[in-house]
Structure formats: C-alpha cells, structure tokens
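# Output the structure for:
(one chain, ligands or ions: 1)
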Amino acid sequence: MKVDGKEMRPIWLSSDNPLEVHVIDQRMLPHELVIAPLKDVDDTIHAIREMFVRGAPLIGATGAWGVYLACINAPGGQVTDAWVETEAKRLKASRPTAVNLAWAVDRMTARIAAVDGDGPRVRAAREEAAAITDEEAENCRLIGEFGVALIEEISRKKKGETVNILTHCNAGWLACVEYGTATAPIYEAYNRGIDVHVWVDETRPLNQGARLTAWELGKHGVKHTVIADNAGGHLMQHGMVDLVITGTDRTTWTGDVANKIGTYLKALAAQDNNIPFWVALPSSTFDWEMDDGVREIPIEVRNPDEIRYIQGKVDGKLVQVLVPPAGSACENHAFDVTPARLVTGFITERGLCEASGDGVLGLFPEKGKEASCR
Ligand SMILES: CSC[C@H]1O[C@H](OP(=O)(O)O)[C@H](O)[C@@H]1O
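The predicted structure follows:
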C-alpha cells in the first residue's frame, strides 16, 4: 500500500541481502516508521512475540519467512528434517491465538520435506514463503472486491450519503500484507468514490486502532474518527453506525470468531441495534478442526504492563507513561470470542457467507471432510 507515495508492505525479503527479512516495527507507529531486520528464528520469534509484526495473516507470513531463516541458518548448512521441525515448533509457540501462524509454518515444513538437498530446500523455503505472502495479499484484494458490495448497498439506500463503518483494532494492511481484511472493502469503496467514514476504536491496551488503523486510513485519505473503545454502543444507539466490519485471528468452521478483546461487546451492541456485523478473513484464518470457539480457542494473556503503561510521543520522543497506581494488579486478556449467532456473515476471498458450518463449507466444500471428521 502507498505510504507517502511509496509502495510498502509490512514484511519483505531484503533486496540488498537475501539473508535478511525486513519488517515495519509497528510498535513505533504512528510516530516513527522504523524498519527492523530479522536474521534468524530468534529474531522472528521476538518480532512476533513483541508485536513488531501482528495481525493473523502477517503473523503467518512472518512465521513462513522465519522457517526460511531457519533453513539459511541450519548448523553446518545441513537443512535436516529434525532441524526444520525443531525451529518450526519454536516459531509456532510464539503466539497462541492466530491460527495463521501454525497454518503457514506447517505449509512451509511440508514443502521443505518434499525436497531433497540443502540448497534445494533453501530455495523451496524462499519460494514458499514468498508464495504465502503474495497469496495473502491477493486474498485480501479479493476480500475487498467481494466486501465492497455491502458498502455499495448501504450507500444506495442512503442515496449517496456517508456510509459510517465501525471497526475494532487493526485489521488493515499492517495486519496482513496488502489491503487488509476489514479495511479491504473500505479501501475499495473509497477507491470507487463512495463516501465512507470509519469510526476507529482506539483498542486498548496497545491502541492498534488509534495508532495503526488511523495511520493507515489517513495515509490513504479515508475519513475516520478515533473513538474510545466504549463509545461504539452509544453511536449505534443514535444511528451513527451503518455497518461493523472486523478482522479475526482464528474463526472456527462453525462461525465462532476470536478477535481482539472487546469485539464481542461490539457484536452484542450491534445485534441490539440491528446493525450488520461482518467479519473479514482469508481462508487461512479458519480453524477447520475446532467447532466450539468459546470453549476451544486459546486466548493469549499478555504482559500486564501493556495495560499499566501507555505509549505516546513527548517532545519528539516515544515515552511510556504509568496509568494505574503502581500497586494495582492488571490482567491482559488479548482476545475474546464472538459466538456465530452474533455474526451476520463472513467476507472471504471466495465471497460472502453466513456465519455457520453450512455457510462456510458452502464456500469451501473441499474442507468438508476435514471439518466433519471430528
Ligand atoms: C487481520 S488479523 C487482525 C487482527 O489481529 C489483531 O490482533 P493483534 O494486533 O494482537 O495481532 C486483532 O485481533 C485484529 O483484528
């Protein structure tokens, strides 16, 4: 996506040094655009765990490039099955909720296992990581192509008046590779000249909305307003929200949606106000094995200091400021699960469907055996 006229992605293989993967360190946005080099699996795990990179599709792509880095750093240049499996296991353990990480790393290890020889394995790893990255970008472009119809329909009903869309956290290109998931239909609507405005939940504690979604939308020229996380219900009650679109980190094939903490509350408010609540995701974010998301999806509990301190810019420097009393306990559940009954439907790279097993398998029939064999 364009940043000040320059095409950018949040992750890429260095053009100067094919032994380095470069990422935008999203912890520094929106105030500083910092590029961080990843040289091995430890760098990759650190970048995922500390959220230099975040968002399910991007975490998957980063995990894929992490397996490539494992191959180029194999002891003695010997890319053995044992080495790849060990490093893959470490990568998959870096964050628990986004299913894309396991999906991408498993796809990488399968591709490598099918190849003999150290050199061919390194080449196969580089090809597959690039393929995963490019496929996720294309999937998000298609999500935009299919999802824009929802916005067009509302715009027609409103006779061209502004379509007000609420989104939670950052499910933009910074969470993916390009276009985003929740933002893809928004960018497509903007590009088609539809009058859209986005209510951007700040999304405590790390403020992915206030920091990242606002930055992205601003760079693209999309009208947006940052709001407190708890304001969405009030806006919905007063007819100020036409549509809610969020992303997801893991969605069961039966339609239960894990997403940033607070999404469930937005879905409850949307249902209470008869506002469509759509979730945008590529098929790599479906979990074809879990069928009860509330009970089965692992919810990451992160460092309570992410609640205790808030980051901002003072006199040109990034600083962390203590918010609650130093002695207060803090608890940092990073995700929640919205049951399928609260979800209007899914926007995927194959089109729209209802949030149900039948709806999802209707778009992905080839997954039927995998999903129903439980
Ligand atoms: C398109 S996935 C975006 C998804 O990931 C975010 O979580 P995190 O920033 O912790 O990686 C959030 O749940 C977004 O909706």
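
# Not including adjacent chain positions, what is the nearest residue to G357?
T254 (4.6 Å; CB to CB, 6 or more residues apart in numbering). C-beta coordinates here come from the backbone N, C-alpha and C atoms, glycine included.

# With R95 instead?
The nearest residue in space to R95 (CB to CB, 6+ apart) is I48, at 5.6 Å.

# Check the gap between the residue of the chain most remote from its centre and the ligand for me.
Most distant from the centre of the chain: G76, at 35.8 Å, with distances by CA atoms, centre = their mean. To the ligand, G76 is 35 Å away according to CB to the nearest ligand atom, to the nearest Å.

# Check L150 too.
17 Å.

# same question, G119
With distances taken as CB to the nearest ligand atom, G119 is found 35 Å from the ligand.

# Next: A102.
Noted for A102: a distance of 15 Å to the ligand, by CB to the nearest ligand atom.

# One more: C169?
Here the criterion is CB to the nearest ligand atom. By it, C169 lies 4 Å from the ligand.

# Beyond the strand or helix carrying S155, next helix or strand please.
Here S155 sits within helix 118-157, counting by DSSP states H and E. Downstream of helix 118-157, the next assigned helix or strand under DSSP H and E is strand 163-167.

# OK, now which residue of the stretch 51-200 of the chain is nearest to the ligand?
Using CB to the nearest ligand atom, the closest approach of the stretch 51-200 of the chain to the ligand is made by R54 at 3.3 Å.

# tell me the average confidence for the helix holding S155?
Mean per-residue pLDDT for helix 118-157: 98.

# Then stretch 9-21?
97.

# now stretch 321-331
97.

# Stretch 197-216 now?
Summarised as a single mean, pLDDT over stretch 197-216 is 98.

# Tell me the backbone dihedrals of A267, please.
Per-residue torsions, A267: phi -70, psi -40 (degrees, to the nearest 10).

# scratch that, C353
phi -150, psi 160.

# From G362, how far out is it?
The gap separating C353 from G362 is 6 Å, by CB to CB, to the nearest Å.

# Those two: which has the busier surroundings?
C353 (18 against 14; other CB atoms under 10 Å).

# need the contact list for that one.
Contacts for C353 (CB atoms under 8 Å, 6 or more residues apart in numbering) come out as G345, F346, G359, V360, G362, L363.

# what pairs with it across the strands?
On the basis of DSSP bridges, C353 is bridged to F346.

# Show me where the stretch 151-300 of the chain has its helices.
Assigned by DSSP state H, counting those that start in this stretch, the stretch 151-300 of the chain shows helices spanning 184-191, 208, 214-220, 232-237, 263-272, 293-296.

# hang on, isn't the residue nearest to R95 packed against A61?
No - taking contacts as CB atoms under 8 Å, I48 lies outside contact range of A61: 10.7 Å.

# neighbour count winner among the two?
A direct count of neighbours by other CB under 10 Å for I48 and A61 places A61 higher, at 32 against 24.

# Confirm that one sits in a strand?
No - counting by DSSP: H, G, I helix; E, B strand; the rest coil, A61 is located in no strand; its state is helix.

# Not counting its neighbours along the chain, what's nearest D195?
Computed as CB to CB, 6+ apart, the closest residue to D195 that is not its neighbour in sequence is T162, at 4.7 Å.

# Mark which of the contacts of C353 are buried, thanks.
Buried subset of those (neighbour count, 16 or more other CB atoms under 10 Å): G345, F346, G359, V360, L363.

# Pick out whichever of those residues sits closest to the ligand.
So of the buried ones among the contacts of C353, ranked by how close each gets to the ligand (CB to the nearest ligand atom), first place is F346, at 12.8 Å.

# distance of the closest one from A124?
32 Å.

# okay, now H197: neighbour count?
Using other CB under 10 Å, H197 has 18 neighbouring residues.

# near the ligand, which residues of the stretch 201-350 of the chain show up?
Contacts of the stretch 201-350 of the chain with the ligand, taken as CB under 6 Å from any ligand atom, map to Q208, T246, G247, D249, N259, K260, A334.

# coming back round to it: the residue nearest to D195: what's it in contact with?
D195, V196, H197, K223.

# in the sheet, who's paired with the second one?
The one in question is V196. When bridges are taken as DSSP bridges, the partners of V196 come out as V163.

# That one and V163 touch, don't they?
Yes - shown here, V196 and V163 form a contact pair, counting by CB under 8 Å, at 5.0 Å.

# of those two, who's got more company?
Neighbour count, other CB under 10 Å: between V196 and V163, V196 has more, with 26 against 23.

# what's the most centrally placed residue in the chain in contact with, if anything?
Compute the mean C-alpha point of the chain, and by CA atoms, centre = their mean the closest residue is G55, 2.8 Å away. Counting by CB under 8 Å, 6+ apart, G55 makes contact with A98, N170, A171, L174, A175, C176, G247.

# Widest-spaced pair of those?
Using CB to CB, those span at most 14.2 Å, a distance reached by A98 and L174.

# From M8, how far out is the residue nearest to the centre of the chain?
Taking CB to CB, one finds G55 at 15 Å from M8.

# Redo the contacts of C353 as TSV? Include pLDDT.
Formatted as TSV, those follow (pLDDT from 0 to 100):
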residue	pLDDT
G345	98
F346	99
G359	98
V360	98
G362	97
L363	98
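
# Closest one to T109 out of those residues, please.
V360 (25.9 Å).

# Quick check: closest non-adjacent residue to that closest one.
Nearest non-adjacent residue to V360, counting by CB to CB, 6+ apart: W253, 5.1 Å away.
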